[in-house]
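Student: give me the fold of what follows.
(chains A and B)
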Amino acid sequence: MPSRTALKCGTFAVDNTHRELATTDALQDPALLRRLLRAKDRMDAASHEAWPVKRLAQVSGVSEAHFARSFKRAFGLPPHRYLLTRRIEQAATLLRDTALDITEIAFATGWESLGTFGRTFRDITGMSPSAMRIEARANLREIDRVPACVLKAAQRPDLTTAVLEKRRRAAKATVRPSIKEAT
Amino acid sequence: MNEGINVVGLYVDDQDEALRFYVDKLGFRVHTDVRNGAYRWLTVQHPEQPSFQLGLFVPGPPVHDEATAQTLRAMVAKGAMPPLVLCVADCRASCEQLKKLGVEFTQEPVDRYGSIDAGFRDPAGNGWKMIQAPKQGREN
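Tutor: Predicted coordinates:
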C-alpha cells in the first residue's frame, strides 16, 4: 500500500507513512519514555523554576516540536499542566508545614503574581489557600504514618481538564484567560 | 526467619545494567543469578537484610507475550511502578556518596518532621525514596 501511494504521489506520501510509523513506535520506546521521565523528574525537583518547552526538550533530548506531544501521550497531560499540579502540590505542602504567608508561598512556588496564584489555587483545589491551610492543619494527625514524601505526591491535584476549562465550567461564562497553557 | 516476605521483584529493561547499579553503586550483593535459556532469575540483597531478596527481572518470554512485555517496559520507563523505600542512617551522606557514583537523583534531601528523604531512580526508571528515620522515631 505505501509503495502504491508513493508511486502515485511521489515522496511525500512515503515520508508521511514513515513518520506515522516512527511516532507509534516511539510511544512504546522505553528509551524515549525514560528520557521524557527525566524531564518530568526535573520539573518535580524544581517546579518553582520556569520550564519552557525548549528547556524540557533539551533534558529529554527530543525536538521541541515532538516534546509536548510525546509528553502528553506518555503522561496523560501537557507538560505545563503537569507543572501546575506540582506547583499547587508544593503550595499546599508549604501552607500545611510552614508559617510562610501566602504571598511568600506564591512566589516560592513559581507564580509571578499573587492574584494568579490565588485564583488558580481555588480553581484547582476548590478552596482558597487560607482555607486549605486551616483544613490541612486540622487533619495532620491522621496521616502521619504514611512517609511524608509519598503522602505529598498522593495529595497532588488531579488536573484532567485544563484550568481554564474548569473555571469556565464553574462560571458558566467566558473568563478572560490569565494563564497560558503552552502545549 | 521461618515466615515472611522473601522475594519482591522489580522489572528492569536490562539485567546487566541493573546488576551493575544495585551491586556496584548501591552496594547490594548478588544472591542468585541463574539462567535457563533466555530466562534469568536474578536477585540481589541488601547487606544488612539477609532474609530479603530483591528480584531484578526483565519482562518477556516465557512469562509474558511480546505486547505485555512492551507495556511493562514502557511502564517502568515512565516511572509508573510503585514506590520503593530504602532506609539509610544518614540520608545526606548517602546521597553525596551515591551521586559521586553517578546515581541519578530526582530529589535532593529534604527534612520532613525530623525524617530526611531524597529520591533517586535506577537506570530502568524505578523510583526509590531514600529515608533517614527521625532520631527518636517509632519502629519502622
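Student: what's the closest non-adjacent residue to B:K135?
Tutor: B:G114 (6.6 Å; C-beta to C-beta, 6 or more residues apart in numbering or on different chains). C-beta coordinates here come from the backbone N, C-alpha and C atoms, glycine included.
Student: try A:A74
Tutor: Once flanking residues are discounted, A:A74 sits nearest to A:L36: 5.0 Å by C-beta to C-beta, 6+ apart.
Student: the helix or strand in which the one you found is found - contacts with which helices or strands?
Tutor: When elements are defined using DSSP states H and E, A:L36 is found to belong to helix A:30-45. Packing contacts for helix A:30-45, counted by 3 or more C-beta pairs under 8 Å, 6 or more residues apart in numbering or on different chains; DSSP states H and E, involve helix A:53-60, helix A:64-75, helix A:79-97, helix B:66-77, strand B:104-112.
Student: tell me the contacts of the nearest residue to A:A92 once chain neighbours are set aside?
Tutor: Take A:A92 and drop its neighbours on the chain: the residue closest to it by C-beta to C-beta, 6+ apart is A:M132, 6.0 Å away. Under the criterion of C-beta atoms under 8 Å, 6 or more residues apart in numbering or on different chains, the neighbours of A:M132 are A:92, A:95-96, A:121, A:125.
Student: look up which helix or strand A:M132 falls in, please.
Tutor: Here A:M132 is assigned to helix A:129-138, by DSSP H and E.
Student: what's the first helix or strand after that helix?
Tutor: Taking DSSP H and E, what comes next after helix A:129-138 is helix A:148-154.
Student: helices or strands up against that next one?
Tutor: helix A:79-97, strand B:104-112, strand B:115-121, strand B:127-132.
Student: for those, could you give me CSV that also reports mean pLDDT, distance to B:P82 and mean neighbour count?
Tutor: Listed next are the helices and strands packed on helix A:148-154 as CSV, based on pLDDT from 0 to 100; distance: least, C-beta to C-beta, whole Å; neighbours: other C-beta atoms under 10 Å in any protein chain shown:
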stretch, mean pLDDT, distance to B:P82, mean neighbour count
helix A:79-97, 93, 19, 21
strand B:104-112, 94, 15, 16
strand B:115-121, 97, 13, 22
strand B:127-132, 97, 9, 22
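Student: now the ones you listed in CSV, with distance to B:G4?
Tutor: Below are those laid out as CSV (distance: least, C-beta to C-beta, whole Å):
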stretch, distance to B:G4
helix A:79-97, 35
strand B:104-112, 29
strand B:115-121, 25
strand B:127-132, 21
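Student: what about stretch B:18-30, near chain A?
Tutor: No: Stretch B:18-30 stays clear of chain A (C-beta under 8 Å from any C-beta of the partner chain), getting no nearer than 13.2 Å.
Student: what comes up buried for that stretch?
Tutor: Buried residues in stretch B:18-30, counting neighbours by 16 or more other C-beta atoms under 10 Å in any protein chain shown, are found at B:18-19, B:21-22, B:25-26, B:28.
Student: tell me the mean pLDDT over it?
Tutor: Averaging pLDDT along stretch B:18-30 gives 98.
Student: contacts for that stretch?
Tutor: B:10, B:12, B:33, B:42-47, B:54, B:56, B:86, B:98, B:101-103, B:122-124.
Student: related to what we said a few turns ago, can you pull the pLDDT of the residue nearest to A:A74?
Tutor: 97.
Student: which positions in chain B make contact with chain A?
Tutor: Residues of chain B lying near chain A (C-beta under 8 Å from any C-beta): B:13, B:70, B:73-74, B:76-79, B:83, B:85, B:104, B:106-108, B:110, B:112-113, B:115, B:117, B:119, B:121, B:124-125, B:129, B:131.
Student: ok, now which ones touch the closest residue to A:A91 other than its chain neighbours?
Tutor: Take A:A91 and drop its neighbours on the chain: the residue closest to it by C-beta to C-beta, 6+ apart is A:T109, 4.6 Å away. Listed by C-beta under 8 Å, 6+ apart, the contact set of A:T109 reads A:47-48, A:87-88, A:90-91, A:94, A:117.
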